[in-house]
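> here is my input, please return the structure:
(one chain, ligands or ions: 2)
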Amino acid sequence: MGERRMVEPNVEFIEKIKEAGGDFLKNCFQCATCSTVCNLSPAANPFPRKEMIWAQWGLEDRLLGDPDVWLCHQCSDCTTYCPRGARPGDVLAAVRKYAFEKFAFPGFLGKIVGTPSLFPVLLLIPVVLLLAVLAGTGRLYFPQGEVIYSKMFSVATLQYSFITGTTLALLMFVVSISRFRQAMNKNSLQLTHPENKQGFIPALTGTILEIVTHKKFSECGDNTVRQYAHLLTFYGFIGLAATAGLGAFYEIVLHTPSPYPLIHPVKILGNLSMIAIIIGLTILVVRRIQGYEKSGNSTYQDKLFLYNLYAVAVTGIFLEIFRLGGIGWLSYSTYFAHLVFIIILLIFAPYSKFAHMVYRFIAILWSRMNGRGEPGALQYEQIVSVEAVGEQVAEGEAVPAAVAKG
Ligand code: SF4
Ligand code: SF4
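Ligands and ions are numbered 1, 2, ... in the order given. Down below sits the predicted model:
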């Protein structure tokens, strides 16, 4: 018999999870079907059944420090098969949303990104910043003559602004991620298996390979098409970042000013990246519209990231079309909007869905280094007695359906 524990539910936390999309949380009766059908769940201490009871009991600390919340790829297989309609995939998504805000530094920015009613404030921040730069450089007007975007914001102004902004965002990110790591370390007693531990280099290599191939998406049986959509979006995004770097190299090092012809390497890379993003995101959006069951419930942050990235790609295509058409005011307005969306994407990275990738990366790395184990079927020896169910649930152990119902 293990040590007795007093569960102190955090009712406010339960309400927040319900508000963030885990509305049907209380329907769960711990049958463990979800853990059985999840192809990504490790054999020992599988998810998401244990997360469901932790969420029902309001065990905030357990969930915030649980790497499994991030190992989930929201394929919704568990939601499809849950006999009680408790939507475990959505509950994990709601916990992730809560974690973004909880770990965010400074917290008020996390709140702005995570609260739909504060969207106007989110939009206003980059608009005011850009207008201030235009006013400060004496360019608060539509430039005349041939459309050249550096007439509006000089290359140097953009470079310095973005370097400063992204450095600040990176520093904030480091604080958020270290809070997350501390929370996981506190939780390690329940989840680690020393015999499976990997060293830093093999763990890092495995994590990078897992992320760049999006291998886990293909293992989520009911939702394989998401792998291609996510890959297109992921590499489109990396392509856009590379385009910005290549553009700076041509401008600053090679002294070759923009605009470039359509067959220039910067243009080719930029256009291919935007097309990849538009195709990838269109698949994701259409799937969300067509099948709530298959795609899972979208949190506000999911939608914000998705539509903002869409806006970056679409305005990027249009600002080129308008420039070629020589329509000055339309080109510069679109360029302004394009920069607003890029700032939202980058500056708010530590608090948005963008952070998802980084949190997942850290969780996978941590899991490998701490012997969290590979996915697999529940083992016979994990079957426990009915009397032990309460304790085992609290410890995050596996409880097969028959026993839990027994
Ligand atoms: S499948 Fe069973 S354990 Fe999982 S959420 Fe549904 S009711 Fe709960
Ligand atoms: S949504 Fe998919 S990956 Fe996440 S717990 Fe459910 S079955 Fe597993």
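
> give me the most central residue, this structure.
Nearest to the geometric centre of the chain sits His356, at 2.4 Å (C-alpha atoms, centre = their mean).

> tell me which residues in stretch 105-125 are buried?
Using 16 or more other C-beta atoms under 10 Å as the test for burial, stretch 105-125 gives Phe105, Leu109, Gly110, Ile112, Val113, Gly114, Leu122, Ile125. All C-beta atoms are positioned from the backbone trio N, CA, C, and that covers glycine.

> between the residues you listed, which is closest to ligand 2?
Gly114 (20.9 Å; C-beta to the nearest ligand atom).

> give me the element the closest residue to that closest one other than its chain neighbours is part of.
Nearest non-adjacent residue to Gly114, counting by C-beta to C-beta, 6 or more residues apart in numbering: Glu101, 4.7 Å away. Using DSSP states H and E, Glu101 maps to helix 88-103.

> what do you get for Thr36?
helix 33-37.

> name the helices or strands packed onto that helix?
helix 49-56, helix 77-81 (3 or more C-beta pairs under 8 Å, 6 or more residues apart in numbering; DSSP states H and E).

> would you mind finding the most buried of those helices?
helix 49-56 (a mean of 25; mean count of other C-beta atoms under 10 Å).

> tell me what angle the helix or strand harbouring Leu304 forms with helix 88-103.
According to DSSP H and E, Leu304 maps onto helix 300-325. With axes from the mean of the first three to the mean of the last three C-alpha atoms, to 10 degrees applied, the angle from helix 300-325 to helix 88-103 works out at 80 degrees.

> hmm, who's touching stretch 59-67?
For stretch 59-67, contacts defined as C-beta atoms under 8 Å, 6 or more residues apart in numbering pick out 7, 9-10, 13, 47, 51, 54-55, 69, 95, 98-99, 102-103, 180, 183-187, 190-191, 363-364, 366-367, 372, 396.

> nearest residue to Phe234 other than its sequence neighbours?
His214 (6.9 Å).

> test my guess that the one you found contacts Leu232.
No. Counting by C-beta atoms under 8 Å, His214 sits too far from Leu232 to count as a contact (10.1 Å).

> out of these two, which sits in the busier spot?
Leu232 (21 against 18; other C-beta atoms under 10 Å).

> show me the contacts for the nearest residue to the more buried one once chain neighbours are set aside.
Nearest non-adjacent residue to Leu232, counting by C-beta to C-beta, 6+ apart: Gly280, 3.2 Å away. Residues near Gly280 by C-beta under 8 Å, 6+ apart: Tyr228, Ala229, His230, Leu231, Leu232, Thr233, Phe234, Gly236.

> quick one: average pLDDT of the strand or helix carrying Gly280?
Under the criterion of DSSP H and E, Gly280 resides in helix 265-290. Across helix 265-290, pLDDT averages out at 87.

> buried ones in it?
266-267, 269-271, 273-274, 276-281, 283-285, 287-288.

> same deal with stretch 61-69?
For stretch 61-69, by 16+ other C-beta under 10 Å, it's Arg62, Leu63, Leu64, Gly65, Asp66, Pro67, Asp68, Val69.

> next: stretch 199-219.
Neighbour count says stretch 199-219 has Ala203, Leu204, Thr207, Glu210, Ile211, His214, Lys216, Phe217, Ser218, Glu219 buried, by 16+ other C-beta under 10 Å.

> any idea how far the first one is from Leu209?
Okay, so that is Ala203. 11 Å (C-beta to C-beta, to the nearest Å).

> quick one, domains of this protein?
11-100+375-405, 107-364 (automatic domain parsing).

> lowest average pLDDT across these?
domain 11-100+375-405 (a mean of 78).

> sorry, back to before: what's the neighbour count on the closest residue to the residue nearest to the centre of the chain other than its chain neighbours?
Spatially, and ignoring its direct neighbours in sequence, His356 is nearest to Arg96 (6.9 Å; C-beta to C-beta, 6+ apart). Neighbour count of Arg96, defined by other C-beta under 10 Å: 24.

> so what's Arg96 up against?
Val69, Trp70, Thr299, His356, Tyr359.

> cool, and Tyr359?
Trp70, Arg96, Ala99, Phe100, Ile177, Phe180.

> filter the residues you listed down to the buried ones, ChimeraX style.
With 16+ other C-beta under 10 Å as the criterion, this ChimeraX line picks the buried residues out of these:
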select :70,96,99,100,177,180
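
> quick check: the farthest pair among the contacts of Tyr359?
Arg96 and Ile177 (14.1 Å; C-beta to C-beta).

> near ligand 1, which residues of the stretch 251-400 of the chain?
Within the stretch 251-400 of the chain, no position lies close to ligand 1 (C-beta under 6 Å from any ligand atom).

> Val312 and Phe341 touch, don't they?
Yes. The pair Val312 and Phe341 passes the contact test of C-beta under 8 Å, sitting 4.6 Å apart.

> helix, strand or coil for Leu40?
coil (DSSP: H, G, I helix; E, B strand; the rest coil).

> any idea how far it lies from ligand 2?
As judged by C-beta to the nearest ligand atom, to the nearest Å, Leu40 and ligand 2 stand 4 Å apart.

> all numbers from here: first residue = 56
Shifting the count to begin at 56 puts that one at Leu95.

> how many neighbouring residues does that residue have?
Leu95, neighbours per other C-beta under 10 Å, totals 20.

> phi, psi of it?
Backbone torsions of Leu95, given as degrees, to the nearest 10, read phi -100, psi -10.

> who's in contact with Val321?
Taking C-beta under 8 Å, 6+ apart, one finds Thr298, Leu301, Gly302, Tyr305, Ser313, Tyr315 in contact with Val321.

> isn't the second one right up against Lys322?
The reference is to Leu301. No. Look at Leu301 against Lys322 with C-beta under 8 Å: they stay out of range, at 10.1 Å.
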